[in-house]
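**Student:** Just the structure for this:
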Amino acid sequence: MKRVLIVLTSHATLGDTGQPTGYYLCEVAQPYLVFEKAGYQVELASIKGGEPSVIETSVNLNDPYNKQFLERADILSSLRGTSRLADLRAGSYQAIFFAGGHGAMWDFPRDPALIDIASDIYEQGGFVSAVGHGAAALVNIRLEDGRFLVEGQKVTSFTNEEEGDARTAHIVPFSLEDRLIDRGARFTQAGKLQRHVVTSGHLITGQNPASAMGTAEAVVARLKTWNQVVSA
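**Tutor:** Just a heads-up that it's a prediction; the model follows:
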């Protein structure tokens, strides 16, 4: 069975503000449905397992993907009981997808299980992908030779301009754009909240919520090509 793992943040507080945060719904719903339609079994995981916190303002039921996602009893069951990332093994998945939302800025970069499973999937020839703040997962992943995963790769994420526009630049623990560049990434971007997806070998990244579907579609396209080569 072809399988893709979508990882959600377990962090629920926006810095010291006392305001709630978590994952951004469309950055989970759209990729989940895209992967499923392409014939992949999709598993939801989070750093701590259980039910992660969603950013309430992202629960837009006018978005047909959000609506379909939340109306599925099987998906809701999985969402309320996500797997704990540390309990999973890289060999079970052909791709890993890190969903965004500000919560990811706190727990994704420093989680050892996340770093291990993502680097293992990549080293085994699978695909690592992220959208928006989900790219915080990438900043501390190293490969077997000691290099950062993003070194020399074309990468995008939620940008400094978008962070400033959201009035969260002074709240997040670091600048995601700057940190990726510091790690050697070749950072690219489009205009604020515009769709922008970058494919760089086995690494696929999207800039923001508008890029969630495109990022998942790019992963599916790369998986299709890869599976054809492996099967040949």
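
**Student:** Quick check: which ranges of the protein have low pLDDT?
**Tutor:** In the predicted model of the chain, residues 1, 228-232 satisfy pLDDT under 70.

**Student:** what about the helices in it?
**Tutor:** Counting by DSSP state H, the chain forms helices over residues 26-37, 64-70, 73-80, 104-107, 112-123, 160-165, 176-182, 212-231, given from the N-terminal end onward.

**Student:** between the last one and helix 26-37, how big is the angle?
**Tutor:** This means helix 212-231. Relative orientation of helix 212-231 with respect to helix 26-37: 40 degrees, computed using axes from the mean of the first three to the mean of the last three Cα atoms, to 10 degrees.

**Student:** what about helix 212-231, distance to the chain center?
**Tutor:** Chain-centre distance of helix 212-231: 16 Å, with Cα atoms, centre = their mean, to the nearest Å.

**Student:** again with the first one
**Tutor:** Distance of helix 26-37 from its chain centroid, counting by Cα atoms, centre = their mean, is 11 Å.

**Student:** ok, now stretch 189-196?
**Tutor:** In terms of Cα atoms, centre = their mean, the gap separating the centre of stretch 189-196 from the centre of its chain is 17 Å.

**Student:** Go ahead and name everything in contact with it.
**Tutor:** Stretch 189-196 has contacts (Cβ atoms under 8 Å, 6 or more residues apart in numbering) with 156, 159, 161-162, 165, 177, 188, 206-211, 214. Yep, even glycine has a C-beta here, placed from its N, CA and C like the rest.

**Student:** Kindly give a single ChimeraX line that selects the buried subset of these.
**Tutor:** Provided next is the ChimeraX selection string for whichever of those are buried by 16 or more other Cβ atoms under 10 Å:
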select :156,159,162,177,206,207,208,209,210,211,214
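
**Student:** mind listing what the residue nearest the centre of the chain touches?
**Tutor:** The residue at the geometric middle of the chain, judged as the C-alpha nearest the mean C-alpha position with Cα atoms, centre = their mean, is Phe98 (1.7 Å). The contact partners of Phe98, by Cβ under 8 Å, 6+ apart, come to 7, 104, 108, 118, 128-131, 134-138.
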